[in-house]
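Q: Coordinates only, no sequence provided:
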């Protein structure tokens, strides 16, 4: 009989973000969750939050009604081979690994049958695939979700509640769109941080101190994101409102256009999506 409502297989930053969101929202209590990871330091962090911890993936999987697969994509094959023989047939498996389709996860888990299952019964792994992002650590993430072949509507609804505890969610009907989600929002924070990094560096070149330049760039971007969220106006319209004819902003955006920055940004997102597809092969 499962002891825990939720087990995390892998104790990285994203698992931490989900746990903190769950605890903050009151969706589950710390004693309802267990985490498995080979790194003692990471287990200690989760233990400090009140979760049970172990280095044994199989133990965690057997003890929980639901699993979050939070291991790196390169570790998924061996993790699925380890979990396949031990998870119960009615376990909900939520994966946040880039590139691993629900079909591949279902195959990896269903390749073997354990002594805990009814002999000769079909094992149909219930998988929900999710692509979250790191702003979940600040309670401001956004996640794309899609259910696998054997997952139920209730499985999907539970996963949505889990990820809404630390941000917003988008439910997809086509798993092929997960690669686009990965490229836009999964990798997206890095594009944003890259922009702030370069804005601050330019400010220093113009004579500002590093601290002042970083503060100005960071708060400008944070405030602009908040304005975009609250105003209901499109990014294009808000940009127009800032851009006076022949003013400073137009001088900057004209240079960006002349140097092909818009196309470079779109190409970068396409490159991330393509890499996500490659990881799934």
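A: Here it is on my side, so go on. All of these numbers come straight from a predicted model, not from anything done at the bench.

Q: Identify the single longest helix in the chain, thanks.
A: Assignment by DSSP state H gives helix 210-231 as the longest helix of the chain.

Q: Just the buried residues of that one, please?
A: Residues 213, 214, 217 are the ones in helix 210-231 that count as buried (16 or more other CB atoms under 10 Å). Placement of C-beta: from N, CA and C, glycine included.

Q: Quickly note the distance from the first one to residue 255.
A: This points to residue 213. Applying CB to CB, to the nearest Å, the value for residue 213 to residue 255 is 19 Å.

Q: now the second one
A: Summarising the geometry, the distance separating residue 214 from residue 255, computed by CB to CB, is 22 Å.

Q: What of the last one?
A: Between residue 217 and residue 255 the computed distance is 18 Å (CB to CB).

Q: Which other helices and strands does the helix or strand hosting residue 239 contact?
A: Using DSSP states H and E, residue 239 sits within helix 235-242. In terms of contacts (3 or more CB pairs under 8 Å, 6 or more residues apart in numbering; DSSP states H and E), helix 235-242 is packed against helix 210-231.

Q: average pLDDT for the helix it packs on?
A: Summarised as a single mean, pLDDT over helix 210-231 is 97.

Q: Distance from it to the middle of the chain?
A: Offset of helix 210-231 from its chain centre (CA atoms, centre = their mean, to the nearest Å): 23 Å.

Q: what sits up against that helix?
A: Residues from elsewhere that reach helix 210-231 (CB atoms under 8 Å, 6 or more residues apart in numbering): 192, 195, 196, 199, 200, 201, 202, 203, 204, 208, 235, 238.

Q: Give the PyMOL command for selecting the buried subset of these.
A: Entered in PyMOL, the line below selects the buried ones among these, by 16+ other CB under 10 Å:
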select buried, resi 196+199+200+203+208
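
Q: So which of the contacts of helix 210-231 is the closest to residue 105?
A: Residue 105 lies nearest to residue 192 out of the contacts of helix 210-231, by CB to CB, at 29.5 Å.

Q: Show me the shaky parts of the stretch 51-200 of the chain.
A: 111-123 (pLDDT under 70).

Q: What are the boundaries of the helices in it?
A: Ranges of helices in the stretch 51-200 of the chain, per DSSP state H, counting those that start in this stretch, are 57-62, 76-83, 102-110, 153-164, 178-181, 188-205.

Q: With respect to residue 136, which of those lies nearest?
A: Taking the helices of the stretch 51-200 of the chain one by one with CB to CB, helix 153-164 is closest: 7.8 Å.
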